[in-house]
Structures are given as structure tokens and as C-alpha cells.
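[1] below are the sequence and a predicted model; questions follow.
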Amino acid sequence: MILLALIALLVARQYMGMISLPTMGRIAAQTQLLESKRTDLMVLQKQQADWLKELEQLNTQSNSFWVSSSQRALIEQEVTKEFGKILRAAQVVPQKVESQRNKLPQYNHVSEVEIVVELRGVSMQEISRLFQEVEKSRRLLVWSYSKIEPDNPREPKAVNATIRLKAFTLTQEATDFLLARQGSASTAPKGDAL
């Protein structure tokens, strides 16, 4: 019996640190720890709300930029394709349409696609419809040059026009960032931002 009491005493002593009785000191320490963690959680929630607000502002600012619909698609081709839709909606048949992608050295995540359109023997009504369709475009197209002149200076019957437009595009890295962040945050703003 004494041996059993001695073994019980040794076992109790061995595992005394693992068994904690709910004393006032331990309850106060756990309460303080939980309060500290609650404060940390509130700070993290505020930081997340601020971050989501900043992401929403980025998405709002990115609305007028052109973005690639997939990683493999070339943005230059997509802009040209969309501009072709604008030309069809305006019922204008261009003589020539060229596009060129240019990097903007002062911006890391923005490039531009310049579209040059030559129209020959068109009416001013057709040009007016083209201007209206460009203005109605969901994505921003910036006019950089426009020259309209009569097709024949002595006896004008129609006009010739050379037009340059610029589309500002987000790089794939910027697009991926906005799309990844938008998808990972459940309260992230949704819409046709991208």
C-alpha cells in the first residue's frame, strides 16, 4: 500500500505541470491572453478592411484600362479586335488599320496600344458615327491625332481621314494581381472592373 501511494505520488509529481487546476491566477492569465488576442484580431480586421478599400479603389481606377482576357492572349490583338467591333458598329470600312504596342518607361504596369486608322472616300456622317462609337466604348480610347481632309480639294465628294487612338493596357502582372486579390477576398468588390 505504501508502495502504491509512493508510485501515485511520483506519477502525480511527474504530470503535475500538465494538469492545471482552474485557480484565480490561471483564469486571470487566460483572460488577459484572450483579451490580447482579441485586440490583435481587431487590428487585423481593421487592416483587412483598409486593404479591401484600397483594392476597391484600384479596381475602380482600372475600369478604363484594357486587360487581357487570358494569359495567352495578346492584348494588342484584343484591342484591335474590339476596335474592329467599333468600326462595324459605326458602319465604317477602313482603308487600313494598324496597331502597335508601346511600353511606357515611366509606368511599370501600364503599356499602350496605338491604333492607326486610315479612311478614304468616306462621308462626314461615317466619321461622326465612328467618333460616337469610340466615345461609347466601355474601355477608354484616347485620341492622339486626327486629320480630316477632302478627298479632292477642287471638287470634294467625300473625305479622307487619318486617326490615331491610344488604348492604355494593364500588364499581365497587374491584371493577375487584381484578379487574384478580387477572387481571394470574399468581400472584394465585384463587377466588370476587369
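    Received the coordinates, thanks.

[2] tell me where the longest helix sits in this protein.
    helix 24-61 (DSSP state H).

[3] where exactly do the strands run in this protein?
    For the chain, the strands defined by DSSP state E cover 96-103, 110-122, 141-150, 159-170.

[4] pLDDT at the residue nearest to V97 when sequence neighbours are not counted, what is it?
    By the measure of Cβ to Cβ, 6 or more residues apart in numbering, the closest residue to V97 outside its immediate chain neighbours is V117, 5.3 Å from it. Using the backbone N, CA and C atoms, a C-beta is placed for each residue, glycine as well. pLDDT recorded at V117 is 92.

[5] next one: K190
    At K190, the predicted lDDT confidence score is 38.

[6] tell me which other helices or strands the longest helix of the chain touches.
    On a contact count with 3 or more Cβ pairs under 8 Å, 6 or more residues apart in numbering; DSSP states H and E, helix 24-61 meets helix 172-184.

[7] what average pLDDT does the helix it packs on get?
    Helix 172-184 carries an average pLDDT of 67.

[8] tell me the domain ranges of the protein?
    Here the domain assignment for the chain is 26-64, 66-174, based on automatic domain parsing.

[9] to M1, which of the ones you listed lies closest?
    Closest to M1 of the domains of the chain, according to Cβ to Cβ: domain 26-64, at 33.4 Å.

[10] could I get the buried residue list for the closest one?
    In terms of neighbour count (16 or more other Cβ atoms under 10 Å), domain 26-64 has its buried residues at 52, 55-56, 58-59, 62.

[11] could you find the closest non-adjacent residue to F83?
    I115 is the one closest to F83 (Cβ to Cβ, 6+ apart), at 5.5 Å.

[12] hang on, the earlier thing: export the domains of the chain to TSV and append columns for distance to A8.
    Compiled in TSV, those are given as follows (distance: least, Cβ to Cβ, whole Å):
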stretch	distance to A8
domain 26-64	24
domain 66-174	67
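
[13] picking up where we left off before, ok, now which ones touch the residue nearest to F83?
    Going by Cβ atoms under 8 Å, 6 or more residues apart in numbering, I115 touches 79-80, 83, 97-99, 141, 164-167.

[14] then P150?
    Counting by Cβ under 8 Å, 6+ apart, P150 touches 156, 158-160.

[15] quick revisit: could I get the contacts of I115 as TSV with neighbour count?
    Below are the contacts of I115 laid out as TSV (neighbours: other Cβ atoms under 10 Å):
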residue	neighbour count
V79	25
T80	16
F83	23
V97	15
E98	12
S99	18
L141	21
R164	15
L165	22
K166	17
A167	26
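
[16] out of the domains of the chain, nearest to Q14?
    domain 26-64 (20.0 Å).

[17] chain center to the closest one, what's the gap?
    23 Å (Cα atoms, centre = their mean, to the nearest Å).

[18] and that domain, what's its mean pLDDT?
    Mean pLDDT, domain 26-64: 87.
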